[in-house]
Structures are given as C-alpha cells and as structure tokens.
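Student: how would this look folded up:
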Amino acid sequence: MQDIYELKEQLAQTIRTYHAKGWSPATSTNYSFRENADADVIYISRSGIDKSQFHEEDFMRVAMDGHPVLEDREIKPSAETLIHCVLYRFFPENTVILHSHSVYSVLNSQLFEESISFEGYEIQKGFAGQTTHDNKIHIPILPNSQDMVEFSTWMQARKDEFQHHAFVIRNHGTYAWGKNLFEAKRHLETLEYLLEVNYKKLIVTYK
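Tutor: So this is what the prediction gives:
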C-alpha cells in the first residue's frame, strides 16, 4: 500500500502540472484518491484553492456519501464531490479520479451530442483494455448540471457507456479514473490528446 503522504504529494504535483497545461485554471476542477479499493473514506481536493498553489494539506476527507468526516467538517469540499463518490461505487477497483477543464474538452462537447468517437489513433491504447489502434471507441458526453443528485442519476443511466474510464461533461470538462495515479493520468492524458487532435482536424477539414 502506498504511503498516504506520498500519494498526496504526487497528486498535488499532478494538479499543479495540469494547471500549468491550462487544464485546471484558477480554483476550478477537483481530484480525489482513496487508500485502497475497500476504503470507505476518500481524500478530495477542498474547494476554492488556486490549483497553481495546491499542496498536500489541501486535501480533505469525506465519507462515501460525500459528507466530510468529523475532523474535517469545517472545511468545504468540492461542489462535485458526489461525482467522485458515485464513480468509486460504480468502479470499486479504482483509487484515483482526475478532472480537467481543458479548452478542447469544452470545444468538442459543443460539436457532438451523446458521445465522441475516435478510431485509428495509436494513443487509443492508452485506455486500459485497448490493444490496437483499429478499434472505434466512444466516450460519453453528459449534460452539465449544478444539481449533483440529478447528475448522479444521469451517470447511473449511462454507466454501461463508461467503458474507457472517462467521460466528458458538456461545456465543462472531463473526468477520468484508474486503479492508481499512473493509470488515471494515462486515461486523462490519452483523452485530452485525442480531444485536441480531433478538434484541430475538424478545423482543418472545414476551414
């Protein structure tokens, strides 16, 4: 089992890196991890933190229902904490969830309805279970909502579409997850690469 402080440190560095990429501007986005697949408490980024300045102490603990544990009840969790809780319930083998507010995720989400498809790209093998570039893969696009209970019902309805460990929220960003930080990063970065390529290809095609 990885040391909790070490994982906090590694994830905090990832958050600062994603801010530098433009994926986590200002205080936006949220990130979480849990000690193992059986843990009933998760560590999640607290609300209102400039992601360029995010550090280990900026994680707080919440129960799987999204409420802060006793010692952290005075700290405000991310408004989207329930999304993390639902994903851990859906996919209990996963221990890290990452989020992005990238420009290309927003732009792509304005061009497609229910999902966005990719085919023929070598980097598709960055998604767990993909062994060839020849497959056509589909990433779901969900509508945006400020009501996390409502959003969680949409997630439930489309759970079977979450086959590639990621989804897009319209005019919002992406979520990706994995069994560890390395895998979660690979899934998010694979999707973000594909979104950038896809949008630039469309611009060239219809210029």
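
Student: And V106, how far from F91?
Tutor: Remark: distance between V106 and F91 (Cβ to Cβ, to the nearest Å) = 25 Å. Just so you know, the C-beta spots here come from the backbone N, C-alpha and C atoms, and that holds for glycine as well.

Student: Kindly report the same for A184.
Tutor: Shown here: A184 relative to F91, a distance of 11 Å by Cβ to Cβ.

Student: what's the answer for N180, then?
Tutor: N180 sits 13 Å away from F91, going by Cβ to Cβ.

Student: So if I had to pick from these two, which one is more boxed in?
Tutor: F91 (17 against 14; other Cβ atoms under 10 Å).

Student: which one is that one nearest to, not counting chain neighbours?
Tutor: W177 (6.5 Å; Cβ to Cβ, 6 or more residues apart in numbering).

Student: Outside of the helix or strand containing that neighbour itself, list whatever touches it.
Tutor: Using DSSP states H and E, W177 falls within strand 173-178. Strand 173-178 has contacts (Cβ atoms under 8 Å, 6 or more residues apart in numbering) with 23, 28-29, 83, 87, 91, 94-102, 105-106, 128, 165-169, 184-188, 191-192, 195.

Student: Whichever strand or helix holds C85: which residues count as buried?
Tutor: For C85, the host element (DSSP H and E) is helix 81-90. Within helix 81-90, the residues scored as buried using 16 or more other Cβ atoms under 10 Å are T81, L82, I83, H84, C85, V86, L87, Y88.

Student: Could you give the bridge partners of the spatially closest residue to H84 that is not a sequence neighbour?
Tutor: Closest residue to H84 apart from its sequence neighbours, by Cβ to Cβ, 6+ apart: S32 at 4.5 Å. For S32, the beta-bridge partners under DSSP bridges are I44, I97.

Student: Cool, thanks, signing off.
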